[in-house]
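Fold the following.
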Amino acid sequence: MSEIVVLKIGGNEVDDDAFLSGLARTVAALRSRFAPVVVHGGGKEIARLQQALGLEPRFIDGLRVTDAETLALTEMVLSGAVNKRLVARFLAHGVPAVGLSGVDGGLLRARRLVHPSGDLGWVGEVTEVDPTLPRLILGQGMVPVVSPVSLGPEGRSYNVNADHAAAALARALGARSLAFVTNVPGVLAGGRVVERLLAGEAERWIAQGVISGGMVPKVRAALDVVSSGVPEVKIVDLDGLQTGGGTRVIAGMPASDRP
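You can find the predicted model right below:
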């Protein structure tokens, strides 16, 4: 089997028709060199459906509060509509894809996430990954497309952050890299994309304001992943994903900071 790469697709992109077609073409091209696994979000569509049904989305420190009604909607949107939309688009571009959620085969097991600022409801954190099912799919030359809805110990589903689900899956699969696919080409400094970013350097740049705004949570998520054993994380757009562009975030300190 080729080396595994995990691609995490954000919820803001999964309803963009042009993005989906570009993603399918990019994954098709990647399959000549790697074994891709796709993990996706879909928060914007969950919020849209909540509002259509008269349910007010609530957040605590950026995390969606998931009561029983919201959990049902989340599973319907993520494991249903969004997951099947991605699979259908991949198949239309000649990519043999299979849709999964973290519940299927006990792929992602979770426990309730305890947050110091309040009760998040049915929001979970991944405690265990069983990569058997995605490995079987990869072994058949197919692409797993994974919704992050995960399985709790009492047989209930949990809403799990897609970044965290992708990171846990990348570790369990021994992936060579995890790519956070965004609508920006990478981390920018002085108007140019930084090709390689060491973890220690990233922390300093955040403190100095070189990395700011919406890029900060992306870089912090990447730092969490490389600190847990995944060799590299890429922050990249579709073009960079296909051409080898974007920013590679890796562990380590700049030479000037070493003792």
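
Quick one: distance of stretch 56-72 to the chain centre.
Stretch 56-72 sits 19 Å away from the centroid of its parent chain (C-alpha atoms, centre = their mean, to the nearest Å).

what does stretch 15-26 give?
16 Å.

Over to stretch 68-87?
15 Å.

Can you tell me, leaving aside adjacent residues, what's nearest to G62?
Of all residues not flanking G62 in the chain, P217 sits nearest, at 7.9 Å (C-beta to C-beta, 6 or more residues apart in numbering). Where you see a C-beta, it was placed from the backbone N, CA and C, and this is true even at glycine.

What strand or helix carries the one you found?
helix 215-227 (DSSP states H and E).

Just the CA trace of that helix, in CSV.
Only the C-alpha atoms of helix 215-227 are listed here, as CSV (Å, rounded to 0.1, in the frame of the first residue of the first chain):
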residue,chain,number,x,y,z
MET,A,215,-4.6,31.5,10.9
VAL,A,216,-3.8,31.2,14.6
PRO,A,217,-6.2,28.3,15.4
LYS,A,218,-5.1,26.5,12.2
VAL,A,219,-1.5,26.7,13.3
ARG,A,220,-2.2,25.7,16.9
ALA,A,221,-4.2,22.7,15.6
ALA,A,222,-1.2,21.8,13.4
LEU,A,223,1.2,22.1,16.4
ASP,A,224,-1.0,19.8,18.5
VAL,A,225,-0.9,17.1,15.7
VAL,A,226,2.9,17.2,15.2
SER,A,227,3.5,17.1,19.0
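
Residues in contact with that helix: which ones?
Here helix 215-227 makes contact (C-beta atoms under 8 Å, 6 or more residues apart in numbering) with 62, 163, 167, 170, 178, 180, 182, 184, 187-188, 197, 199, 202-203, 206, 211, 232-233, 235, 249-251.

got the angle for the helix or strand that that helix is followed by vs helix 215-227?
Of the helices and strands lying after helix 215-227 in sequence (DSSP H and E), the nearest is strand 232-236. Interaxial angle, strand 232-236 versus helix 215-227 (axes from the mean of the first three to the mean of the last three C-alpha atoms, to 10 degrees): 160 degrees.

pLDDT averaged over strand 232-236 - what is it?
What strand 232-236 shows for mean pLDDT is 93.

Toward the C-terminus from it, list the very next helix or strand.
helix 238-243.

which helices and strands sit right next to that following helix?
Where contact means 3 or more C-beta pairs under 8 Å, 6 or more residues apart in numbering; DSSP states H and E, helix 238-243 is packed against helix 17-30, strand 177-181.

Can you tell me what sits against the helix or strand of the chain with the lowest mean pLDDT?
Of all helical and strand segments in the chain, the minimum by mean pLDDT, DSSP states H and E falls on strand 63-64, at a mean of 80. The contact list for strand 63-64 (C-beta under 8 Å, 6+ apart) reads 43, 46, 57-58, 70, 74, 113, 115, 120, 123, 159, 161.

Adjacent strands (with direction) for that strand?
strand 59-60 (antiparallel) (DSSP bridges).

which residues in the stretch 51-200 of the chain form strands?
59-60, 63-64, 97-101, 108-112, 123-129, 143-147, 150-151, 157-160, 177-181, 188-189, 192-193, 196-198 (DSSP state E, counting those that start in this stretch).

so which of the ones you listed is the most packed in?
strand 143-147 (a mean of 28; mean count of other C-beta atoms under 10 Å).

Indicate each strand paired with it and its parallel or antiparallel sense.
strand 35-40 (parallel), strand 97-101 (parallel).

Give the residue spans of the stretch 51-200 of the chain that score low on pLDDT.
Counting by pLDDT under 70, the stretch 51-200 of the chain shows no low-confidence range.
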